[in-house]
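S.K.: everything below, folded, please.
(one chain, ligands or ions: 1)
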Amino acid sequence: MTDIQAPAVRTNQTDPAVAAPAQIKMTARDVNVFYGANHAIKDVSIDVDMENVTAFIGPSGCGKSTFLRTLNRMNDTISIAKVTGDITLDGEDIYSSDMDVVQLRARVGMVFQKPNPFPKSIYENVAYGPRIHGLAPARRDMDQIVESALRRAGLWEEVKDRLSDSGTALSGGQQQRLCIARAIAVDPEVILMDEPCSALDPIATAKIEELIHALRGKYAIVIVTHNMQQAARVSQKTAFFHLGHLVEYGETSEIFTNPRQERTKDYITGRYG
Ligand SMILES: Nc1ncnc2c1ncn2[C@@H]1O[C@H](COP(=O)(O)OP(=O)(O)OP(=O)(O)O)[C@@H](O)[C@H]1O
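M.R.: Next up is the predicted model:
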């Protein structure tokens, strides 16, 4: 007899191909985004899990970055953007008028396409967030936070003897890991990554992918990527967007081997993109 009670997913954080059981961190319900008259995101509903990496894929202009930015209200910074629908973090409405947006963006950190360290020292790049959030009462607490964030970002060994050098003097891949350290330093729960490897060479890309895998157990991670091989390598869940719609969302292994929707199949087999 088939055991229909068997869970659909298994937990194995050492295996990037296996999804952890759903432990919902964020929910989006009927989300729409408009840039003036341009209806960029149409009725998108999705859950984002802890301990899984979720990849957003789809052709250029389908709305991946726009939807990603709704998850920490980065679209608030675009004057013509209007967001409707409901998005929650641990059940709390992130668009409610009493949500502290600075606090929200610490809890839901973001790493951008182009590494964007501040024109300050490596140490200061990491210390900046914890300082404004009051996380380090004394210098030695700050030293610990900086070291721990740089270690978790896989950068400590490369920079520990030159913490006062400028962050902008690092290589592109190191700068991106510094930006990840900066996001981690304020103890986020969710990390959003918008094509974090698109400006990097293959070796730096591989390091970021290893890092994403290492960070997986502690955060909910969402990554926008153009690169389907990368989505298959780093994520356990994949969401396929097309023309502002969320066409299909499921386990990465299923989406890439057995998609349910024709549009997903056409995209992953390279028929458009
Ligand atoms: N800041 C903005 N102002 C106005 N329109 C925007 C803005 N950002 C995105 N758009 C529009 O929203 C739609 C979705 O764009 P978005 O960048 O989210 O797609 P994407 O899937 O991330 O694309 P790409 O893969 O090329 O980065 C497009 O029509 C785009 O022109």
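
S.K.: strands paired with the one helix or strand residue 43 maps to, and their directions?
M.R.: Element membership for residue 43, per DSSP states H and E: strand 38-49. Paired strands of strand 38-49, with direction, are strand 24-35 (antiparallel) (DSSP bridges).

S.K.: wait, is residue 69 part of a strand?
M.R.: No - checked against DSSP: H, G, I helix; E, B strand; the rest coil, residue 69 lies outside a strand; its state is helix.

S.K.: and the nearest residue to residue 236 once chain neighbours are set aside, how many residues sit next to it?
M.R.: Using CB to CB, 6 or more residues apart in numbering and skipping the chain neighbours, the partner closest in space to residue 236 is residue 19 (3.8 Å). Backbone N, C-alpha and C define where each C-beta goes, glycine included. Per other CB atoms under 10 Å, the neighbour tally for residue 19 reads 25.

S.K.: what secondary structure does residue 19 sit in?
M.R.: Assigned with three-state DSSP, residue 19 falls in the coil class.

S.K.: give me the pLDDT value at it.
M.R.: Residue 19 is assigned a predicted lDDT (pLDDT) of 78.

S.K.: offset the numbering so it begins at 650, please.
M.R.: OK, 650 is where the count begins now, so the last one is residue 668.

S.K.: does it touch residue 899 like I think?
M.R.: No - the criterion here is CB atoms under 8 Å, and residue 668 misses it with residue 899 at 9.3 Å.

S.K.: residues bridging contact with those two, i.e. touching both?
M.R.: Both residue 668 and residue 899 are in contact with residue 886, where contact means CB atoms under 8 Å, 6 or more residues apart in numbering.

S.K.: just the CA trace of stretch 752-771, in PDB.
M.R.: Provided in PDB are the C-alpha atoms of stretch 752-771 (Å, rounded to 0.1, in the frame of the first residue of the first chain):
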ATOM      1  CA  GLN A 752      13.800  47.800  11.200                       C
ATOM      2  CA  LEU A 753      12.000  45.800   8.500                       C
ATOM      3  CA  ARG A 754      15.000  46.200   6.100                       C
ATOM      4  CA  ALA A 755      17.300  44.900   8.800                       C
ATOM      5  CA  ARG A 756      15.100  41.900   9.300                       C
ATOM      6  CA  VAL A 757      14.700  41.400   5.500                       C
ATOM      7  CA  GLY A 758      18.200  42.400   4.200                       C
ATOM      8  CA  MET A 759      19.100  42.900   0.600                       C
ATOM      9  CA  VAL A 760      22.100  42.200  -1.600                       C
ATOM     10  CA  PHE A 761      22.100  44.000  -5.000                       C
ATOM     11  CA  GLN A 762      23.300  43.000  -8.500                       C
ATOM     12  CA  LYS A 763      26.300  45.300  -8.400                       C
ATOM     13  CA  PRO A 764      28.300  45.100  -5.200                       C
ATOM     14  CA  ASN A 765      27.800  48.500  -3.500                       C
ATOM     15  CA  PRO A 766      30.100  48.800  -0.500                       C
ATOM     16  CA  PHE A 767      30.200  52.200   1.200                       C
ATOM     17  CA  PRO A 768      33.300  54.200   0.500                       C
ATOM     18  CA  LYS A 769      34.500  53.400   4.000                       C
ATOM     19  CA  SER A 770      36.800  50.800   5.600                       C
ATOM     20  CA  ILE A 771      36.000  47.100   5.500                       C
END
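
S.K.: hmm, the strand holding residue 692 touching the ligand?
M.R.: Yes - Strand 687-698 comes into contact with the ligand (CB under 6 Å from any ligand atom), by way of 687, 689.

S.K.: list the contacts for residue 889?
M.R.: Listed by CB under 8 Å, 6+ apart, the contact partners of residue 889 are 706-707, 895-898, 904, 908, 910, 912-913, 916-917.
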